[in-house]
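[1] no sequence for this one, just the structure:
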């Protein structure tokens with residue numbers, strides 16, 4: 001003989017199963033990453049002697065300020081294996097409400113200081129690097145990059161991501 005408690009638990013389990021099967025169960029909500037890093041380019045292709053602007057935007061999805069950002073950007077292994085490819089980063093700027101300002105960090109190898117932290121909740125910062133392909137460069141494929149980032153928040157938490165590979169950071173050199 002089943003106790004009243006067992007009957008209630010059995011009924012609850014059956015009801016939960018029916019709701020889940022028919023889609024009435026509450027949906028699990030996925031929180032966004034505490035900080036998100038996105039990439040874009042102003043052109044999908046370039047030629048020898050050409051330039052492409054590579055923009056990186058970090059967005060603060062938390063309710064606390066981002067106090068510190070560390071980010072690197074490096075060529076992919078396949079890009080480094082092309083001895084004919086000659087390129088370099090010739091410029092770096094931070095987008096502000098008053099217009100673009102020169103970067104304050106140490107350049108493409110360490111972009112963290114360039115974001116102008118502190119970044120308040122819900123806001124983002126964009127750093128743009130200018131990629132210059134040499135006029136005498138071989139140009140027969142993609143130039144690809146990957147990135148790693150680390151962010152610290154004013155609530156003493158942190159987040160990291162990477163390596164971050166995105167199709168947008170591949171520029172066809174033809």
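    Looks like it came in fine. Everything quoted here is computed from the prediction, not taken from an experiment.

[2] ok, residue 72 touching residue 148?
    Yes - between residue 72 and residue 148 there is a contact under CB atoms under 8 Å: 5.2 Å. Yep, even glycine has a C-beta here, placed from its N, CA and C like the rest.

[3] quick one: the strands in this structure?
    35-41, 45-46, 51-60, 66-75, 87-96, 99-102, 124-133, 141-143, 145-153, 158-164, 171-173 (DSSP state E).

[4] rank those strands by pLDDT, which is bottom?
    The minimum mean pLDDT among these belongs to strand 158-164 (a mean of 63).

[5] still on that earlier bit, relative to residue 113, which of the strands of the chain is closest?
    strand 66-75 (7.9 Å; CB to CB).

[6] which residues sit against that closest one?
    35, 37, 54, 56, 58, 60, 108-113, 115, 117-119, 129, 143-154 (CB atoms under 8 Å, 6 or more residues apart in numbering).

[7] one more time with 6 Å
    For strand 66-75, the external contacting residues (CB atoms under 6 Å, 6 or more residues apart in numbering) are 60, 108, 111-112, 115, 117-119, 145, 147-154.

[8] report the buried members of these.
    Using 16 or more other CB atoms under 10 Å as the burial test, the contacts of strand 66-75 include 60, 108, 111-112, 115, 117, 119, 145, 147, 149-153 as buried.

[9] how about residue 130, nearest residue that isn't a chain neighbour?
    residue 91 (3.6 Å; CB to CB, 6 or more residues apart in numbering).

[10] so what's the residue count around that neighbour?
    14 (other CB atoms under 10 Å).

[11] ditto for residue 102
    Neighbour number of residue 102 under other CB under 10 Å is 9.

[12] who's the residue nearest the centre of the chain bridged to?
    Closest to where the C-alpha atoms of the chain average out (CA atoms, centre = their mean) is residue 37, at 2.1 Å. Counting by DSSP bridges, residue 37 is bridged to residue 58.

[13] close enough to count as contact, it and residue 57?
    No - judged on CB atoms under 6 Å, residue 37 makes no contact with residue 57 at a distance of 7.3 Å.

[14] buried sites along stretch 90-107?
    In stretch 90-107, counting by 16+ other CB under 10 Å, buried: 92-95, 103, 105.

[15] who's in contact with it?
    111, 113-114, 116, 126-130, 132.

[16] at 10 Å instead, please
    51, 53-55, 57, 69-71, 73, 89, 108, 111-116, 124-132 (CB atoms under 10 Å, 6 or more residues apart in numbering).
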